[in-house]
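> let's see this in three dimensions:
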Amino acid sequence: MKCPGQDSRYWKPGAIFEARCPKCGSDIEFFKDDTTRLCKKCGHRLVNPEMDFGCASYCQYAEQCVGSLPPELLAQKENLLKDRVAIEMKRYFKQDFKRIGRATRVARYAERIGKKEGGNLAVVLTAAYLHDVGEREAETTQGAGDSSRDAEKRSAVARKILMNLGARGELIDEVCHILAHGRRPKTGDSVNDRVVYDAELMVDLEEKEKGNPKGPEALAKEIDTLFLTKAGKEVARELILAHP
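Presented below is the predicted three-dimensional model:
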């Protein structure tokens with residue numbers, strides 16, 4: 001069965017339309033399932049301005065359905081994927097609102113730090129949302145509390161979730177690489193590893209400060225010593241040190 005969104009039998013008025021070429025001003029005819037069209041007058045390739053790639057961010061048949069997405073839309077596809085990952089994280093944890101809240105805070109800080117550090121936000125946010133998945137399984141198996149085993153569990157569960165969402169193989173591998181390292185990136189790891197580490201550290205420090213607050217001097221020293229990125233230290237000083 002063909003996807004109803006791409007099956008012309010289900011198309012409504014407006015499924016065939018014209019868009020103006022930004023280079024020469026000529027009209028270019030689009031069908032709703034076209035990803036791009038060439039301008040017949042100047043040869044400029046225009047991305048379909050009305051195509052919705054939302055389902056392509058998670059559907060495993062997206063490539064067969066809409067074909068290869070143009071390069072300028074690949075980033076959009078992965079940005080949509082992170083929203084699906086957030087939903088799957090909540091489904092995974094079900095009524096465990098403490099872990100859902102923690103994962104959401106880690107992702108929020110990862111986005112803020114990642115924007116300043118220049119990380120790949122699709123990778124960073126996906127890893128942040130999935131950083132604690134698998135811990136439930138690790139707690140019920142022999143060897144629970146072993147950080148290396150916990151990391152393997154997180155990586156395995158995350159891989160299964162991302163494969164079910166039809167994520168790009170390279171993205172899956174990088175996210176699982178981050179999760180498999182446990183709680184501390186190795187020397188030479190990418191900025192994405194360091195961003196996720198700092199985001200989780202932010203949440204850890206917040207939780208510790210609520211239960212056993214340190215003095216400003218000791219907290220400032222800890223921030224300078226433990227955080228791996230410049231942006232992470234800046235955000236920590238702003239959110240934790242300035243507002244204890």
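
> gap between stretch 191-208 and the chain center?
16 Å (Cα atoms, centre = their mean, to the nearest Å).

> how about the helices in this protein?
Along the chain, counting by DSSP state H, helices occupy 62-66, 71-93, 97-117, 121-130, 135-139, 147-164, 169-180, 191-211, 216-226, 230-236.

> what mean pLDDT does the first one have?
Read that as helix 62-66. Averaging pLDDT along helix 62-66 gives 56.

> what of the fourth one?
The predicted model assigns helix 121-130 a mean pLDDT of 92.

> neighbours around residue 91, how many?
Residue 91: 10 surrounding residues under other Cβ atoms under 10 Å. For glycine as for every other residue, the C-beta is placed from the backbone atoms N, C-alpha and C.

> same question, the one 3 residues further on
Taking other Cβ under 10 Å as the criterion, the count of residues near residue 94 is 10.

> give me whichever of the helices of the chain is most buried.
Burial of the helices of the chain is given as mean neighbour count (mean count of other Cβ atoms under 10 Å); helix 121-130 ranks first at a mean of 28.

> hang on, the earlier thing: as a markdown table, the helices of the chain with distance to residue 48 would be great.
Listed next are the helices of the chain as a markdown table, based on distance: least, Cβ to Cβ, whole Å:
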| stretch | distance to residue 48 |
| --- | --- |
| helix 62-66 | 10 |
| helix 71-93 | 9 |
| helix 97-117 | 28 |
| helix 121-130 | 22 |
| helix 135-139 | 42 |
| helix 147-164 | 27 |
| helix 169-180 | 24 |
| helix 191-211 | 30 |
| helix 216-226 | 47 |
| helix 230-236 | 36 |
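
> out of those, which gets the lowest mean score?
Among those, helix 62-66 carries the lowest mean pLDDT, at a mean of 56.

> thinking again about what came up before, please identify which of the helices of the chain is closest to residue 44.
Comparing these by their distance to residue 44 (Cβ to Cβ), the top pick is helix 71-93, with 13.2 Å.

> which of the helices of the chain sits closest to residue 21?
helix 71-93 (16.0 Å).

> enumerate every residue touching the nearest residue to residue 200 once chain neighbours are set aside.
Of all residues not flanking residue 200 in the chain, residue 106 sits nearest, at 5.2 Å (Cβ to Cβ, 6 or more residues apart in numbering). Residue 106 makes contact with 128-129, 131-132, 196, 199-200, 202-203, according to Cβ atoms under 8 Å, 6 or more residues apart in numbering.

> leaving aside the residues next to it on the chain, what's closest to residue 34?
Nearest to residue 34 is residue 48, by Cβ to Cβ, 6+ apart, at 5.2 Å.

> does residue 46 touch residue 37 like I think?
Yes: contact criterion Cβ atoms under 8 Å: residue 46 and residue 37 qualify, at 5.8 Å.

> which residues do those two both contact?
Shared contacts of residue 46 and residue 37, defined by Cβ under 8 Å, 6+ apart, are found at 19, 28.

> nearest to residue 23, out of the helices of the chain?
Of all the helices of the chain, helix 71-93 comes closest under Cβ to Cβ, at 15.3 Å.

> next one, pLDDT for the residue of the chain positioned farthest from its centre please.
Distance from the C-alpha centroid of the chain, by Cα atoms, centre = their mean, peaks at residue 41 (39.5 Å). Note on residue 41: pLDDT of 92.

> list the contacts of it.
21, 24, 26.

> measure the first one to residue 125 for me?
I take that to be residue 21. 35 Å (Cβ to Cβ, to the nearest Å).

> likewise the second one?
Counting by Cβ to Cβ, the gap from residue 24 to residue 125 is 39 Å.

> if anything else comes up later, I'll come back, but that's it for now.
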